[in-house]
Structure formats: structure tokens, C-alpha cells
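**Q** Predicted model and sequence below, questions to follow.
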Amino acid sequence: MRAKPIIALDFSGKNETEQFLQHFDHESLYVKVGMELFYKEGPALLVWLKELGHEIFLDLKLHDIPNTVYRAMKVLASLEVEMVNIHAAGGMEMMSAALKGLVEGTVTGKKRPEIIAVTQLTSTSEVQMQREQLIDHPLKDSVLHYARLAFLSGLDGVVCSALEAGAIRDETDANFLRVTPGIRLAGHSADDQKRIVTPKRAQEIGSTHIVVGRSITRAKDPVAAYQEVKSEWEMN
Ligand SMILES: O=c1ccn([C@@H]2O[C@H](COP(=O)(O)O)[C@@H](O)[C@H]2O)c(=O)[nH]1
């Protein structure tokens, strides 16, 4: 069965989040909690979301020296979310340390959260990457390179744009997760995203998960927008 679209809860705090979730009545969702909401509300927000029956991707994108990431991941494991992430640019030693921390921190008898690595942010264009990161390759090669490193480090998958999802599946494993933000319903503004894809196209190309924020959260009718995303994503 296809994973539910992950809704990015990019809100300023619990009140705004609660107002948004009320639209969905008691429907169980897969939600993403990012830096803004987690820094504001802390772990209590995750407990509340779990009590409401939602699955959680905790999107904090750790990127530091291996020992620091190892220790931080042990703490994140105790929060019992479904998914966490790090930056692949931290290197294989850091990625292995993150996985080790997550394994050691997972409560006995509980499922270890999935851990994925950000390759190139979906807000990064090829020109920007080449100029600012001094990478003298096509963007797709850089994404694939990071995906291979994450795979060899034993991670469960990567964050990439849907545009690269098929190539990553072919280079790694069909079960290696391709979690893809930068999703827009047709005609919606790209905002700060550079590599955008519709839910339908993401499914065709090979995403295993899509992350959708503003196409849903900014819609006049967020439930209708979510249903549109879901039906495109679940087509075929
Ligand atoms: O490469 C990345 C990694 C993470 N994100 C996050 O996903 C959502 C996307 O929100 P939209 O409103 O649909 O653009 C947001 O929380 C980002 O922090 C990403 O976009 N790209």
C-alpha cells in the first residue's frame, strides 16, 4: 500500500497547528514537524500529535560531527517518531554514527524510526549548487552520489526531489526510501522551491513518499487540497 502523503506542518506553534488539524476531523494523517514548530513547542507537541493518532516525520536535518549526531540521535530515538533525518553532506562516518545512535536509543520492543539523509535540498538549483557548493557536476550526479553514500551507510533512504527518485531506485534498492518534498499541485506557485513535481508525476517517477506543505496548508480548503493530492498520488 502506498504511504500517505506527508503534510508539512510549517506553523508557528501549537494553536495554529490545532486550527489546521481541526479541518481533518479525526482522520489519521502522516505529518512532518520541522524546525520552527519543534523549536517552539518541543517534544510535548509530538506526544500530543501521537495521542491524536498521527504518524510523525521529525524533520530536524542533523548535520554535525559524528559524535554529536550520535548522541543527539539517541535522544531523538526516545521520542518514538516514525522518521528522522540528517544531511548526507555530513559524510558516511556521520551517517553511520546517526544510525548507531538511533539503534541504541530505540526503546526495547519499539520499532526503530526510519532514518533518511537529505541529498540536495529541493530549493537548490543546478546553477546555485555548482556556484555556491563548488560542485563541478550535474545536480543529478550529486544527488545520486549522496544517495549511494547513504545506502552504503545503512540508512533507510533519502530526501531528494521526485525528479531524481527513479534513478535512485535503480542505483540502490526498490525498498530504499525516496522521500520527496517540492511537491506542487498543477498551477500552484513554486515559492522558494526549485525542483518541483506534481503528486501524479512523483508517483510515476518513483517517489516512495511525498511531502506537501503549502499546496495544502495555504489552500482555501485544505481538506479538498489534501484529497486532490492523495487521489493523484494513489492513481494507478
Ligand atoms: O529538500 C528538502 C528538504 C525538506 N523540505 C521541507 O519540506 C517542506 C516542503 O514545504 P512546501 O511548502 O511544500 O514547499 C518544508 O517543510 C521543507 O522544510 C524541502 O522542502 N526540501
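**A** Happy to help now that I have it. Numbering: from 1, shown residues only.
**Q** What is the neighbour count of the closest residue to the ligand within the chain?
**A** Ranking the residues of the chain by distance to the ligand (C-beta to the nearest ligand atom) places Gly213 first, at 2.5 Å. For glycine as for every other residue, the C-beta is placed from the backbone atoms N, C-alpha and C. Counted with other C-beta atoms under 10 Å, residues neighbouring Gly213 total 21.
**Q** Make residue 1 into 624 and carry on from there
**A** Sure thing, new numbering starts at 624, so read that last one as Gly836.
**Q** Quick check: it touching Asp633?
**A** Yes - between Gly836 and Asp633 there is a contact at 5.3 Å, judged by C-beta atoms under 8 Å.
**Q** Setting the sequence-adjacent residues aside, check what's closest to Arg818.
**A** Ser784 (3.6 Å; C-beta to C-beta, 6 or more residues apart in numbering).
**Q** Now do the one helix or strand Ile833 maps to: everything it contacts.
**A** Using DSSP states H and E, Ile833 falls within strand 832-835. Defining contact as C-beta atoms under 8 Å, 6 or more residues apart in numbering, one finds that strand 832-835 is touched by 626, 628-631, 655, 680, 785, 800-804, 806, 822, 825-826, 849, 852, 856.
**Q** Now do the helices in the protein.
**A** With DSSP state H as the criterion, the chain has helices at 637-645, 658-664, 666-674, 689-700, 715-728, 749-755, 762-775, 785-794, 822-828, 837-840, 845-857.
**Q** Remind me what the last one packs against, helices and strands.
**A** The reference is to helix 845-857. Helix 845-857 sits against helix 822-828, strand 832-835, helix 837-840, with contacts defined as 3 or more C-beta pairs under 8 Å, 6 or more residues apart in numbering; DSSP states H and E.
**Q** Can I get the helices of the chain in CSV including mean pLDDT and mean neighbour count?
**A** Listed next are these as CSV, based on pLDDT from 0 to 100; neighbours: other C-beta atoms under 10 Å:
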stretch, mean pLDDT, mean neighbour count
helix 637-645, 98, 14
helix 658-664, 98, 16
helix 666-674, 98, 15
helix 689-700, 98, 18
helix 715-728, 99, 20
helix 749-755, 98, 13
helix 762-775, 98, 20
helix 785-794, 98, 21
helix 822-828, 98, 20
helix 837-840, 98, 22
helix 845-857, 98, 17
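**Q** Select, out of the ones you listed, the one closest to Gln743.
**A** helix 762-775 (5.2 Å; C-beta to C-beta).
**Q** the inter-axis angle of the closest one versus helix 785-794?
**A** 50 degrees (axes from the mean of the first three to the mean of the last three C-alpha atoms, to 10 degrees).
**Q** right, is helix 762-775 up against the ligand?
**A** No - Helix 762-775 lies out of reach of the ligand by C-beta under 6 Å from any ligand atom, never closer than 10.1 Å.
**Q** tell me the angle of that helix relative to helix 715-728?
**A** Put simply, helix 762-775 runs at 40 degrees to helix 715-728, going by the same axes, to 10 degrees.
**Q** Val820 pairs with what?
**A** When assigned by DSSP bridges, Val820 has beta-bridge partners Ile806.
**Q** Contact partners for Arg837?
**A** Arg837 sits next to Ala631, Asp633, His811, Ser812, Asp814 when contact means C-beta under 8 Å, 6+ apart.
**Q** Cool, thanks, talk later.
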